[in-house]
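In: A predicted structure for the sequence below; I have some questions about it.
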Amino acid sequence: MEPEIRRKIVGNFLKQRRQKAALTQQDVAKHLSYTSPQFVSNWERGISLPPMDVLPRLAELYRVSSKDMIEVMSKYQDQVVKLHKKQLVELFRKGARG
């Protein structure tokens, strides 16, 4: 479930912004000194997140304001916290029944 949230919020945002900037995944990887575009693909598919120290460079490359980048990452974190809270509530409900 968490990778799906990551893909929907962060991955889609990064993919749309990369495409709007007319960059390929290879272009981005090269600008960030990554050896493979697989890193960028993984971010866009929700498999992983870009390292925090890469976010300012991505924002600059994609011509995204720092505010927008921070908002997307914050929205993702909020959704993950909600998911974890829901999972904890379910665990405690099951534990109370057992």
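Out: Good, I have the coordinates. Numbers count the residues shown, from 1 in each chain.

In: gap between Ala22 and Arg63?
Out: As judged by Cβ to Cβ, to the nearest Å, Ala22 and Arg63 stand 10 Å apart. The C-beta positions use only the backbone N, C-alpha and C, and glycine is treated the same way.

In: so where's this structure uncertain?
Out: Flagging of the chain using pLDDT under 70 yields the residue ranges 96-98.

In: hey, which helix is longest across it?
Out: Longest helix of the chain, by residue count under DSSP state H: helix 66-97.

In: In that one, which residues are buried?
Out: For helix 66-97, burial by neighbour count (16 or more other Cβ atoms under 10 Å) applies to Met69, Val72, Met73, Tyr76, Gln79.

In: so which pair among these is furthest apart in space?
Out: Spanning the widest gap among the buried residues of helix 66-97 are Met69 and Gln79, at 16.3 Å by Cβ to Cβ.

In: Checking Tyr48 next. Helix, strand or coil?
Out: For residue 48 the amino acid is Ser, not Tyr. Secondary structure, DSSP: H, G, I helix; E, B strand; the rest coil: Ser48 is coil.
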